[in-house]
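A.B. asks: Got a sequence here, can you model it:
(one chain, ligands or ions: 1)
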Amino acid sequence: MTAGPADETEIAREQQYFDLAWEARERSRQSLGAAAAAVAGKASVAVGKAARGHIEQLGDPDEAVAIGRFDPSDGEALYVGKRVITDADGELLVISWKAPGAAPYFTASYDDPQGVARKRTFEVDRNRILGFDDVVFADLAARVSELTALEYEGIDDAVLRDLDASRTGEMRDIVQTIHSMQYELVRSPLEQLLVVQGGPGTGKTVVGLHRVSWLLFNHAAELAPSDVLVVGPNPTFTRYIRQVLPGLGDHQIEHRDLRTLGPQTSTGRDEHPTVARIKGELRMTHLINRGLVQRVRFPERADRLDVGTAAEPVASLTRSEVEEALGRSINQARSYLGGRAAMRSWITATVTSRMPWGSQAPAAPVEAALERVWPSLTSQTFLRDLFGSRDRLLAAAGEQFTAAEVRMLFRPASDRVSDEHWSLTDVALLDEVDTLLNGSGALFGHIVLDEAQDLSPMQLQSVRRRSRTGSYTVLGDLAQSTGPWARDGWEDLVAALEFRHPASIVPLRLGYRVPQQVYALAAQLLPYSAPSVEAPSVVRVGPADPDLRPVGAGDLGPEAVRAARDYAARGLFVGIICADEHRAAVVEVLNAEGVQFQDTRGGSLGTSINLVGAVDAKGLEFEAVVVVEPEAIAAQGTHGLRLLYVALTRTTKFLTVVHSGEVLPIPGRDSPERSQAVEVTSLQEDAPGHQRSRASKAGRSPKAPDTGLDKFSADFATAMGVSLAENVAATAQPRLWTAIVTALADELERRRDK
Ligand SMILES: Nc1ncnc2c1ncn2[C@@H]1O[C@H](COP(=O)(O)OP(=O)(O)OP(=O)(O)O)[C@@H](O)[C@H]1O
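C.D. replies: Model prediction:
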């Protein structure tokens, strides 16, 4: 934005406020620092810790004090920032974006200004104001018929600027530009299983993370940071997102990925999809359960259990008394190892009672006898032994698996358990075993599950067992669902996770990441790969059309590297996405040409060129993407076209497709029932009013999805006499809001029940 003379005066005025707030914040930092230093090394560790915690809450000294402000028609302007700032007298200078009082900044719209006359979004360089964008709601309302699609949807220049900003290997927060639809999800009640379905780049991940921050602020009494678990698909993704929450002032939140969601990390064992599919099924819990119980047994062909050796006998227990004790311990035990401890106590007590008065059963012989009837196991030793023995598998499988399935599950066991290779599906099984061995582990009050569309029932069970409350935010896109457990609906996931609280499935419909020209290409896959999924409306037009480069099969690697190097030379953050079969060819050229690159299989992103497998590209984004040989990506698994859709939708700006086969290898493309074209227009280029008429043509309002909450929460607030001023006061009293949200949730539940 270019500032005119009037703007210059206004910027100077705003800068004064920014300077004032900055000084107040830095004064707080100094006094907290002094308090922490004063108690350092003394007994008041808690005071020092609290002071340091508060300093952390103040954020970076370079951070701008506010992201924007809004002017109520009948009151003073309110500045909204990432954190609360008060002056020396405790007066609020900046309210937190998470406070209920800040809601109008995000939710005011031209047809429901909510008492807001104007919303201003600042453009800053650290705490220096460079300019601002104003939305004057009265103006918008007066020219409804002329609104551009962007204005209609509430997308302003600040959003477009943000989307054009450079990308690195770390996701950033979007506090300043959270869209009203996204905000409704961010602040929707804690007590629910919220499933967010949205196309690529609709903001599911950022929304999920901002929701965590919002929940922690507004439900501080029920939810501590260490009570929140964020689960992503792989370590690269987790590294990509893990700075967002600390940047929002929320530390100590646990991040895990599916490869580490168990007692043992996956070591990348390759597995046939049919085997992976079987191992993802819930009947595996029966197999594991039975397999474990069968490890507890009196030795065959023996009628006594001797404690001690032939040379040094201690005692001898009969088969029947031991079997009776085993049965009792199994029935009463809460875990395998708990039962084993009970059995140890029984052997010790029984042997002691048969020894001369005053003697105690010696520990080592008792342990050896115990090991023969109730072996000590770890999850890894148990599963290695189970999969490595056809007899054990057959005995555990019972009627629930066919002989062919048992054959598929069998694999030769490694000599040492540390040499065993574990697949991704093994992790969920090991987790099941771990729970049976040791009982439940840590439980969380809220779980965010990202890229949830691919999870197997066993993986969902792993997630479910970590939930204490049934409160989840589940994020995913059915059109990107691939792998052995690809799904076309959310019903089974909801059934697997839902308990205590109701589920709601809410869509996100605006595509932020992918530019219109690129999405127009990718969206052609949708009618074939995921016909029931609606394409998002893309927000903006990109800088270039997709660059499609036909080459001979032998030139795929060199051409892909050439394109990537060109992008990197322009300072862009690049991803080369290919099928596994082309990885080696690309690596060879990269190495031969001495190109620095990051192979994301190592678990992280580099800052320039990254080489990414199509499956691992999920959730990631780059400024420029080079997709290598779409046919090979589409041939990976039964949902290859979905995988290609993922690969084509990773860019924020440029896309090059290097191909020797077809760019969009769609089988049966010309069949009439599938030939409907997907029209992808960008809101940015839409003629005035176009978006509105298009939306009404499709029979839906372009406003936020009707969760029933919007209107109701407005009614409820009015009924309770919660004015804007009181909402602001609630900034300092999050508990009031908690009460409102709880009451809202109760009321919603009551209505649902009716
Ligand atoms: N309101 C917004 N303002 C600015 N940027 C946004 C907004 N919403 C989303 N974005 C940006 O759009 C991009 C995509 O967001 P995100 O990764 O959360 O999408 P996603 O729906 O999870 O995508 P995928 O399905 O590919 O995993 C990110 O760069 C994010 O910062």
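A.B. asks: ok, what's across the strand from H255?
C.D. replies: As for beta bridges, H255 partners with V230 under DSSP bridges.
A.B. asks: Make sure it is actually in contact with Y240.
C.D. replies: No. H255 is beyond contact range of Y240, at 10.6 Å (criterion: CB atoms under 8 Å). All C-beta spots, glycine's among them, are computed from the backbone N, C-alpha and C.
A.B. asks: out of those two, which sits in the busier spot?
C.D. replies: Here H255 and Y240 are compared on neighbour count by other CB atoms under 10 Å; more neighbours surround Y240, at 22 against 18.
A.B. asks: Quickly find the element holding the more buried one.
C.D. replies: Assessed by DSSP states H and E, Y240 sits inside helix 235-241.
A.B. asks: Contacts only, for the closest residue to the ligand within the stretch 301-450 of the chain.
C.D. replies: Proximity of the stretch 301-450 of the chain to the ligand (CB to the nearest ligand atom) peaks at D450, 7.1 Å away. With CB atoms under 8 Å, 6 or more residues apart in numbering as the criterion, the residues that contact D450 are K204, T205, G208, V230, V231, G232, P233, F237, I241, L475, G476, G619.
A.B. asks: hmm, try it at 7 Å
C.D. replies: D450 makes contacts with T205, G208, V231, G232, L475, G619, as judged by CB atoms under 7 Å, 6 or more residues apart in numbering.
A.B. asks: Which ones among those also lie next to the ligand?
C.D. replies: Filtering those for proximity to the ligand by CB under 6 Å from any ligand atom leaves T205, G619.
A.B. asks: Make CSV out of the contacts of D450 and add pLDDT.
C.D. replies: Listed next are the contacts of D450 as CSV, based on pLDDT from 0 to 100:
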residue, pLDDT
T205, 98
G208, 98
V231, 98
G232, 98
L475, 98
G619, 97
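A.B. asks: So which of the contacts of D450 belong to strands?
C.D. replies: Applying DSSP state E to the contacts of D450, the entries found in strands are V231, G232, L475.
A.B. asks: Can I get those in TSV including distance to F401 and neighbour count?
C.D. replies: Shown next, in TSV, are those (distance: CB to CB, whole Å; neighbours: other CB atoms under 10 Å):
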residue	distance to F401	neighbour count
V231	28	26
G232	31	27
L475	33	29
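A.B. asks: List just the nearest of those to the ligand.
C.D. replies: Using CB to the nearest ligand atom, these come closest to the ligand at L475, 6.3 Å.
A.B. asks: Against I330, how distant is that closest one?
C.D. replies: For L475, the distance to I330 equals 41 Å [CB to CB, to the nearest Å].
A.B. asks: Same question for L521.
C.D. replies: 60 Å.
A.B. asks: Can you pull the phi/psi pair for F18?
C.D. replies: The phi/psi pair for F18 (degrees, to the nearest 10) reads phi -60, psi -40.
A.B. asks: can you list contacts of stretch 309-317?
C.D. replies: Contacts for stretch 309-317 (CB under 7 Å, 6+ apart): R304, L305, D306, V307, G308, T350, V351, R354, A361, P362, P365.
A.B. asks: ditto for stretch 49-66
C.D. replies: By CB under 7 Å, 6+ apart, stretch 49-66 touches 18, 21-22, 25-26, 28-29, 32-33, 35-36, 79-83, 85, 94, 122, 124, 126-127, 249, 251.
A.B. asks: And for E146, the neighbour number?
C.D. replies: Around E146 there are 10 residues (other CB under 10 Å).
A.B. asks: which parts of the chain sit against the ligand?
C.D. replies: Going by CB under 6 Å from any ligand atom, the residues of the chain near the ligand are 159, 162-163, 174, 177-179, 182, 198, 200-206, 477, 480, 512-513, 619, 621.
A.B. asks: before we move on, back to that, which one of L521 and I330 is surrounded by more residues?
C.D. replies: Remark: of L521 and I330, L521 carries more neighbours, 19 against 16, as counted by other CB under 10 Å.
A.B. asks: Might you report the residue contacts of the more buried one?
C.D. replies: P546, L648.
A.B. asks: for Y645, same thing?
C.D. replies: Y645 neighbours (CB under 7 Å, 6+ apart): A479, Q480, A522, L525, S529.
A.B. asks: Give me the most central residue, the chain.
C.D. replies: A centroid search over the chain (CA atoms, centre = their mean) returns D450, at 3.0 Å, as the residue closest to the centre.
A.B. asks: now the helices for the stretch 151-300 of the chain?
C.D. replies: 157-164, 180-186, 204-218, 235-241, 244-247, 273-279, 283-293 (DSSP state H, counting those that start in this stretch).
A.B. asks: Mind giving me the packing neighbours of the second one?
C.D. replies: Using 3 or more CB pairs under 7 Å, 6 or more residues apart in numbering; DSSP states H and E, the elements in contact with helix 180-186 are helix 103-107, helix 204-218, strand 503-508.
A.B. asks: In CSV, list the ones you listed along with mean neighbour count.
C.D. replies: Putting the helices and strands packed on helix 180-186 into CSV (neighbours: other CB atoms under 10 Å) gives the following:
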stretch, mean neighbour count
helix 103-107, 23
helix 204-218, 24
strand 503-508, 18
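A.B. asks: possible to save these as CSV with distance to A46?
C.D. replies: Converted to CSV, these look like this (distance: least, CB to CB, whole Å):
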stretch, distance to A46
helix 103-107, 34
helix 204-218, 20
strand 503-508, 40
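A.B. asks: okay, now the residue nearest to S389 when sequence neighbours are not counted: neighbour count?
C.D. replies: Take S389 and drop its neighbours on the chain: the residue closest to it by CB to CB, 6 or more residues apart in numbering is A413, 7.5 Å away. For A413, the count of nearby residues is 17 (other CB under 10 Å).
A.B. asks: And for Q332?
C.D. replies: Neighbour tally, Q332, other CB under 10 Å: 10.
A.B. asks: what's it in contact with, if anything?
C.D. replies: Counting by CB under 7 Å, 6+ apart, Q332 touches A342.
A.B. asks: which of the residues in stretch 631-648 are buried?
C.D. replies: 631-637, 639-648 (16 or more other CB atoms under 10 Å).
A.B. asks: List the buried residues of stretch 357-368.
C.D. replies: For stretch 357-368, by 16+ other CB under 10 Å, it's A361, P362, P365, V366.
A.B. asks: isn't there a strand covering the last one?
C.D. replies: To tie it back to what came earlier, the one meant is V366. No. In this structure, V366 is helix, not part of a strand, as judged by DSSP: H, G, I helix; E, B strand; the rest coil.
A.B. asks: Surely it and A349 touch.
C.D. replies: No. Look at V366 against A349 with CB atoms under 7 Å: they stay out of range, at 10.1 Å.
A.B. asks: where does the chain have low pLDDT?
C.D. replies: 1-6, 40-44, 670-677, 685-754 (pLDDT under 70).
A.B. asks: 50 - rerun?
C.D. replies: Low-confidence segments of the chain, defined by pLDDT under 50, span residues 1-2, 672-675, 687-745, 747-748, 751, 754.
A.B. asks: what's the closest non-adjacent residue to the residue of the stretch 551-700 of the chain found nearest the ligand?
C.D. replies: As assessed by CB to the nearest ligand atom, the ligand sits closest to G619 within the stretch 551-700 of the chain, at 4.1 Å. The spatially closest residue to G619, leaving aside those adjacent along the chain, is F237, at 4.7 Å (CB to CB, 6+ apart).
A.B. asks: same thing with Y240?
C.D. replies: Nearest residue to Y240 in three dimensions, chain neighbours excluded: M171, at 5.6 Å (CB to CB, 6+ apart).
A.B. asks: and the one you found, how many neighbours does it have?
C.D. replies: 21.
A.B. asks: Adding secondary structure, write the contacts of Y645 out as a markdown table.
C.D. replies: Converted to a markdown table, the contacts of Y645 look like this (three-state DSSP):
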| residue | secondary structure |
| --- | --- |
| A479 | helix |
| Q480 | helix |
| A522 | helix |
| L525 | helix |
| S529 | helix |
